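Chemist: sharing a model prediction with you, sequence too.
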Amino acid sequence: MDKREVDVAIIGAGTAGMVAYQRVSKKTDRVVLIEGERYGTTCARVGCMPSKLLIAAADRAEDVRQAEVFGVIPTDVRIDGRAVMARVRTERDRFVEPVVKSMEALPEEHRLMGHARFLDGHRLVVGEHTEVTAQRFVIATGSRPNIPDVLKGAKDRLIVNDDVFDWQDLPESVAVFGPGVIGLELGQALSRLGVRIRLFGVDGSIAALRDEKIVDYARRTFASEFALSAEADTRKVHCTDQGVEVTWRENGQEHQETFEYLLAATGRRPNIDHLDIQNAGIDLDDRGMPVYDPYTLRCGDSHIFIAGDVNNDRPLLHEAADEGRIAGDNAGTYPEVRAGLRRVPLAVIFTDPQIATVGMSIAEVGERCRGCFAVGEVSFEGQGRSKVIGRNEGLLRVYGEHGSGLFLGAEIFGPAAEHMAHLLAWSAQQRLTVGCMLDMPFYHPVIEEGLRTALKDLHRKLRMGPEAVDDCMECGPGG
Ligand SMILES: Cc1cc2nc3c(=O)[nH]c(=O)nc-3n(C[C@H](O)[C@H](O)[C@H](O)COP(=O)(O)OP(=O)(O)OC[C@H]3O[C@@H](n4cnc5c(N)ncnc54)[C@H](O)[C@@H]3O)c2cc1C
Ligand SMILES: NC(=O)c1ccc[n+]([C@@H]2O[C@H](COP(=O)([O-])OP(=O)(O)OC[C@H]3O[C@@H](n4cnc5c(N)ncnc54)[C@H](O)[C@@H]3O)[C@@H](O)[C@H]2O)c1
């Protein structure tokens, strides 16, 4: 077995690991970045980018379908599944290629291929061919799909997100399990591309939404577009000559439907379980996860840091990059360890209407303010710009604290949520009051006027300052 000695070993060459490497290598040349499978990252290969490519095709199909509303009559519209998937794969490869190249450009002595596991607090064995001794470690091993046992009855018709992006053609039908982020994004996209789907959930929840009023609205909207069994009790999944047969109970009745594939989008589990983490000498919680500080990413008072999806805290791309930076900086300067900037929580789901969550959830606001908070709201059904473009569906709710007037969080199900969520996240991070947010300019006619309506509603309910007076434009077509 080869032996290597370094200052810092980084396990996992995904987004968090690559950013950590950049930071560590500013402090020491004795660093190694270890990858167990392939270069290219989850985001570029099987995550953010290919999923958005598939959604982009679905969006175009939906635009054509909606065109008649505007008096534009499309003729002979058909979806060429092979062409859809060819573009997804080609563009996906274009995103992956520079990432792989940037990895291959690293000095050879800084790279190691092979699955790593801990022998003790300072030694790893990598791919059973190399023993690496390091003073410090960054664990950045990401996550993988979690598949409940009942779904394994689908056998070779069981697929996960990774498989979808390698399809040559679109299938006839897919049972999508999990109305979380992945299930909703991929399920709706497939449905809009002409694939028969049914989306199965267990508890009525819809992705990351926590505000019951918005959850209800979103559930009704999605159920009006495709088959949604949000509270299904799945009894049996098995393969027949026709495909994969799903048997479930819902509203007191048993149902059966057969699909070509079953897509498991039932959450992801951190890649911690194959690391022999128990040998690393750090404290683990009752689920076997390292106990760590979310501001320094340090595991207890050890020399080991943990960043990205593997810590299971905020499994999003920009958070993985932030965490890689913090963990890398600290691994580089250890024993000096500093707290890094954690941004206001922001998540966007690229369904149509889009979903976004910002800052605290309504439950967290309630807890922080001990119930002393108010909620402002706008429906997009009558909102000027949304009506003009035929996207007048959805609801936005903003939360503010009584007494301070601080804006604390929001949930959105509606058009342009990806953009409004940024304005809201930036406001929350700047600790703006609702009054300050209303002092900002709002153009006309834009969807953000709907956001202003919700903020005004919130401001009124917070009862701070003089009574707000609506001028005619604001009570007219904009809001
Ligand atoms: C379908 C899908 C869509 C998504 N869409 C979005 C989106 O639109 N926006 C967004 O913000 N986020 C999105 N995400 C989430 C985002 O992709 C992740 O948060 C991010 O990629 C995590 O980066 P990471 O560095 O933690 O992990 P990864 O990029 O997964 O890197 C971990 C690396 O560690 C390696 N590894 C694992 N175990 C070992 C070991 N023992 N030894 C050596 N190497 C090991 C793995 O092979 C992998 O290369 C999506 C995810 C999915 C699955
Ligand atoms: N746009 C984005 O930012 C984006 C897109 C995709 C993924 N992601 C990231 O990837 C993570 C994982 O996504 P995900 O969708 O796999 O997880 P998730 O946690 O968002 O959703 C999992 C869903 O599966 C459901 N579920 C669990 N067991 C089930 C069963 N037996 N039958 C039916 N439903 C079941 C859960 O109730 C939940 O709704 C997300 O948390 C997110 O951070 C982000």
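Modeler: Right, received. Where do you want to start? Ligands and ions are numbered 1, 2, ... in the order given.
Chemist: now stretch 278-287, how far from the chain's geometric center?
Modeler: When C-alpha coordinates are averaged (CA atoms, centre = their mean, to the nearest Å), stretch 278-287 and its chain have centres 27 Å apart.
Chemist: can you get me the start-to-end distance on it?
Modeler: End-to-end distance for stretch 278-287: 12 Å, by CA to CA, to the nearest Å.
Chemist: buried ones in it?
Modeler: For stretch 278-287, a neighbour-count test (16 or more other CB atoms under 10 Å) marks 280, 282 as buried. No exception for glycine: its C-beta is placed from N, CA and C like everyone else's.
Chemist: ok, stretch 12-22 next?
Modeler: When burial is assessed from 16+ other CB under 10 Å, stretch 12-22 yields the following buried residues: 12-21.
Chemist: is ligand 1 contacted by that stretch?
Modeler: Yes - part of stretch 12-22 sits close enough to ligand 1 to count as contact by CB under 6 Å from any ligand atom, namely 12-17.
Chemist: rebuild those residues as TSV, extending it with secondary structure, pLDDT and distance to residue 410.
Modeler: Below are the residues of stretch 12-22 next to ligand 1 laid out as TSV (DSSP: H, G, I helix; E, B strand; the rest coil; pLDDT from 0 to 100; distance: CB to CB, whole Å):
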residue	secondary structure	pLDDT	distance to residue 410
12	coil	98	33
13	coil	98	35
14	coil	98	30
15	helix	98	26
16	helix	98	27
17	helix	98	32
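Chemist: contacts for the host helix or strand of residue 100, please.
Modeler: Taking DSSP states H and E as the definition, one finds residue 100 inside helix 81-104. By CB atoms under 8 Å, 6 or more residues apart in numbering, the list of residues contacting helix 81-104 from outside reads 13, 18, 33, 35, 39-41, 44-45, 49-50, 53-54, 57, 111, 165-170, 193-194.
Chemist: circling back to that earlier point, turn the residues of stretch 12-22 next to ligand 1 into a markdown table, including distance to residue 437.
Modeler: Supplementary listing: those in a markdown table, determined by distance: CB to CB, whole Å:
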| residue | distance to residue 437 |
| --- | --- |
| 12 | 39 |
| 13 | 41 |
| 14 | 36 |
| 15 | 32 |
| 16 | 32 |
| 17 | 37 |
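Chemist: from those residues, which single one is nearest residue 154?
Modeler: Within those, distances to residue 154 taken as CB to CB reach their minimum at residue 14, with 27.7 Å.
Chemist: the closest one touches residue 143, doesn't it?
Modeler: No - counting by CB atoms under 8 Å, residue 14 stays clear of residue 143, with 9.7 Å between them.
Chemist: intersection of neighbour lists for the two?
Modeler: Contact criterion CB under 8 Å, 6+ apart; residues bridging residue 14 and residue 143 by contacting each: 42, 309.
Chemist: centroid residue for the protein?
Modeler: When the chain is reduced to its mean C-alpha position, the closest residue under CA atoms, centre = their mean turns out to be residue 316, at 5.1 Å.
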